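>>> sequence first, then the predicted structure:
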Number of protein chains: 2
Amino acid sequence: MKLIKNAAGRLVPKEVNGQKQIPFQGVNKHIPKGNKISAPIRSCVNYPWDGNKLVKNLKEALIKAGLKNGMTISTHHHLRNGDELTNLLFDTIKKMGVKNIRWFPSASFPVHSHLIKYLEDGTIHHIEGSMNGPLGRFASEGKMKGVGVLRSHGGRYSAVQDGEVNIDIAVIASPTADPFGNANGVTGKSACGLLGFALADSEYAGNVIVVTDNLVPFPCVPWQIQGNNVDYVVQVNSLGDSSKIVSGTTQVTKSPDRLLIAEYVAQFVDEAGIMKDGFSLQAGAGGTNLAFLLYLKERMKKRNVKARFMRGGSTKYLVETLEEGLTDYILDGQTFDLEGVRSMRENPNHVNTSPFTSYNFHGKGNFASMVDVAVLGATEVDVNFNANVVSHSDGYLLHGIGGWQNCLYSKCTILAIPSFRDRIPVIIDEVTTLCGPGELIDVIITERGIAINPKRKDLIKAVKKSNLPIKSITQLKDEVYEICGGAPAKPKVDKNKVIAIIKWVDGTVIDSVFKIK
Amino acid sequence: MKLIKNAAGRLVPKEVNGQKQIPFQGVNKHIPKGNKISAPIRSCVNYPWDGNKLVKNLKEALIKAGLKNGMTISTHHHLRNGDELTNLLFDTIKKMGVKNIRWFPSASFPVHSHLIKYLEDGTIHHIEGSMNGPLGRFASEGKMKGVGVLRSHGGRYSAVQDGEVNIDIAVIASPTADPFGNANGVTGKSACGLLGFALADSEYAGNVIVVTDNLVPFPCVPWQIQGNNVDYVVQVNSLGDSSKIVSGTTQVTKSPDRLLIAEYVAQFVDEAGIMKDGFSLQAGAGGTNLAFLLYLKERMKKRNVKARFMRGGSTKYLVETLEEGLTDYILDGQTFDLEGVRSMRENPNHVNTSPFTSYNFHGKGNFASMVDVAVLGATEVDVNFNANVVSHSDGYLLHGIGGWQNCLYSKCTILAIPSFRDRIPVIIDEVTTLCGPGELIDVIITERGIAINPKRKDLIKAVKKSNLPIKSITQLKDEVYEICGGAPAKPKVDKNKVIAIIKWVDGTVIDSVFKIK
């Protein structure tokens, strides 16, 4: 595989899985030319007049959809680690004797380690999508036949819209659906909130199969997925384990260090002047971020400040914020707990969003760049403010990108991270994998200090008089190295063997992930 | 203009305004080949990061959108006869000295007679869209430079989606909008309900301009039009006359004849076995249809029957039906009064639909064919059950098609019409203009009898034992001719001069409208 140096100085392949790639050109440098994919014109004559698109089972739907070797099949991670449908899907494909599938999930989870045998036996050729845990490890060991392609949520939408990825068959797990294919995630025993990650697939895939364990008579309202885009509907007994669909990610951290980070972030957002009437924020659903939200709410109440909107990853904490009147709206991209699902179902100000509205970089603007402050995590940050979210310093690909890259476009991007984990520095000289260019990352907040990107003179000035522990990023790194006994060991990788590439939001290749030796 | 005979035996041109046309091939015979239009890929780099797309005024928006001679500009009829924006738009275009615009409205109203001077002076080349009243009369007199093209709501969506009509600039009147371009019709002083007729335009037009008289901070929720599809936002003092936006169409008829028709329709729907638990219906917002709804509700209450959904044109009568629990849902395509607007704003079971969900014939099915019974009007019906909605027997083009053609696909299509108007027969030997093929029209209900299409043996059998005045269509026609003194006079038209064509739902040409001599 021939590698070239991109504008970030990282080695990336010119071609992956037979598809030409554009190396990263710099932030906002690559403007796509050309037109969106143009889907075939359909006719109602070829669909049932009574709207009943039910077929016997998944196998029949796949046969009708023309499944064959080498096709691209998409699934979505709304059911998270409770998803049993994707495993059933590939069991079915295996039984049908079909090979070399390009699996195009919006993300994969540990539950999908079931699919490793299909990666081994050639049923699945490779995965294009985030790989959390075991599948990432499998790929890192060089065992996947093709090269993984990791995209942000917005990048995935663009790739489909732009025709970079042609989905042959989309399989959409739908907690509620009607026989016409209208579907939503807010009701049913497998309720997961929204189905936004399947939007692009429903719009552009050659064939769209909706699978549900809660079939209702037409119309299924709301129709988060529109039946007018759907070819077949399949009824199953169960989509998965509902206790894991809305899983236990929504715990506030109890770690004193993390609580301190959260408190610093809230103080920073307040004292930098961001927290003012009508402001907006995005925070993830991790323990530190939830603690940050609670601290911020105290400050908002004290100062009588109301936000215009908060973006999430919704949790019961975000829902409380809405219900207490501290924000006009939740613009929700993913629902993490049952309170989030309930609120989205009941409260019209808890709004269902999608990668199209929020993150698509190849649209007429998106929501991410309108957000006043985004509080995110990272596995590593380097002294140039570059950050990594997919691998650790051992080089293993273990995490997905999610909407992380897209959120970097907020007006103030804060990475709230511990300075080290398991005695391995998180603030380092150079990131193992580059996911986010430093010029888009404004503030690093750790338990032992805060570093502001020198580019953000406005922020530096704004908090000058605060008692926040502002330091330079190098100072932070030096302190951490001293605690941990120096830089982390370099990962032992084979620089000739790329196992996955990381796409930037504009579809260019920002970095490569290499095989572990 | 060379005319050929289509499959319905009507003379239609092979080419119109320089565009090749496909003659009507018969119901469900024409299956389109090819792909949808593929819009240019955009980049967020070219849009304001803060989401603020406001420009100074309409002229500036048009300049930025690259307005030039011969372009296609679309508007929408959500503001109905209260629309002042479209007139302002063409005043602006006139002042800019731009000529030969193809105006592509979803419909036009008497208020738009203001534009006749621009049709005369060449600012507007021709109108593609329904022409209600004065503009239709103007066209009928052969005064329009180009040939009018009339499409159903669904046909308009398909034409845009399929690339038959490339919209250069869409101008969307938006009763509420934010600076990003998210917009809705449920709030604001010009509230009109929904904005579904602009959906295709927002998705596919080269440039999209949202114009509002109620600008709110981002996010405007609900976003019936998505800001991610919008280029420019313009703020104006007023979009129009709100008393005419939700105009007085929602009056129940007081005419004894029309009330009798309405009663017959309700009795027919009941006794034919259509009115049963979980059934669905669509009825227009005209006086007879409203009376029908009231009669039907009495029967539903008496028999304890609940509908699954009712489609409309929503009015206070439909809203009451929902609120009384007689239907689970209203699937609304157009909101005709303030009660409809309120209900859509407040009640999640009053659902906003669009020509895409309801009527697009070039999709994977649509709602229209799932409806158990549709009650519609017509200007003429002939002995072969063919019907006309755009002209009267004098040949003048005076009415739009609306969703009428699309609704013919319901499981039982009833035309509820007087047998004559102003002593001119409505039931005749051959329609002046063919809009709907007889094979899709099941029942004609007049004040002097009911004719069932002989193809519908099931319906004939179902009402055999009822006391309904069932007659043959010829018998009905003969009776009417006797009352009115024979067939209506033939229109005096120039058969060499086509002033407009009528498209069928599949984009083929079903009939021509000729110049009045």
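Arrived safely, thanks for sending.
>>> look up how far residue A:154 lies from residue A:251.
From residue A:251 across to residue A:154, the span is 28 Å (C-beta to C-beta, to the nearest Å). Bear in mind the C-beta positions are built from the backbone N, C-alpha and C, glycine included.
>>> the more surrounded of the two?
When residue A:251 and residue A:154 are compared for neighbours, residue A:154 comes out ahead with 28 against 13, by other C-beta atoms under 10 Å in any protein chain shown.
>>> show me what the helix or strand where that one lies is packed against.
Assigned by DSSP states H and E, residue A:154 belongs to helix A:153-161. Helices and strands touching helix A:153-161, by 3 or more C-beta pairs under 8 Å, 6 or more residues apart in numbering or on different chains; DSSP states H and E, are helix A:199-204, helix A:355-358, helix A:404-407.
>>> and the contacts of that helix?
Contacts to helix A:153-161, defined as C-beta atoms under 8 Å, 6 or more residues apart in numbering or on different chains, come from residues A:36-37, A:106, A:129, A:151, A:164-165, A:167, A:197, A:199-201, A:203-205, A:333, A:354-356, A:358-362, A:366, A:368, A:401-403, A:405-406, A:503-507, B:41.
>>> swap the cut-off to 7 Å and go again
A:36-37, A:106, A:151, A:165, A:167, A:197, A:200-201, A:204, A:355-356, A:359-362, A:366, A:402-403, A:405-406, A:503, A:505, A:507 (C-beta atoms under 7 Å, 6 or more residues apart in numbering or on different chains).
>>> neighbouring contacts of the helix or strand of chain A with the lowest mean pLDDT?
Ranking every helix and strand in chain A by mean pLDDT, DSSP states H and E puts helix A:242-245 at the bottom, with a mean of 86. By C-beta under 7 Å, 6+ apart, the residues outside helix A:242-245 that reach it are A:79-82, A:189-190, A:192.
>>> switch the cut-off to 10 Å
A:78-84, A:109-111, A:173, A:175, A:185, A:188-193, A:213, A:239, A:335, A:338, A:341 (C-beta atoms under 10 Å, 6 or more residues apart in numbering or on different chains).
>>> picking up where we left off before, quick one: which of the helices and strands packed on helix A:153-161 is nearest chain B?
helix A:355-358 (5.6 Å; C-beta to the nearest C-beta).
>>> ok now the helix or strand that the closest one is followed by, how far from the chain's centre?
Next in sequence after helix A:355-358, counting helices and strands by DSSP H and E, comes strand A:373-376. In terms of C-alpha atoms, centre = their mean, to the nearest Å, the centre of strand A:373-376 is found 14 Å from the chain centre.
>>> pLDDT averaged over whichever helix or strand comes after strand A:373-376, what's the number?
Counting by DSSP H and E, the next helix or strand C-terminal to strand A:373-376 is strand A:380-382. In this model, strand A:380-382 has a mean pLDDT of 98.
>>> again, but for stretch A:305-312
Per-residue pLDDT over stretch A:305-312 has a mean of 96.
>>> buried set for that stretch?
Neighbour-count burial for stretch A:305-312, counted by 16 or more other C-beta atoms under 10 Å in any protein chain shown, picks out A:305, A:307-312.
>>> in the helix holding residue A:154, what counts as buried?
For helix A:153-161, by 16+ other C-beta under 10 Å, it's A:153-161.
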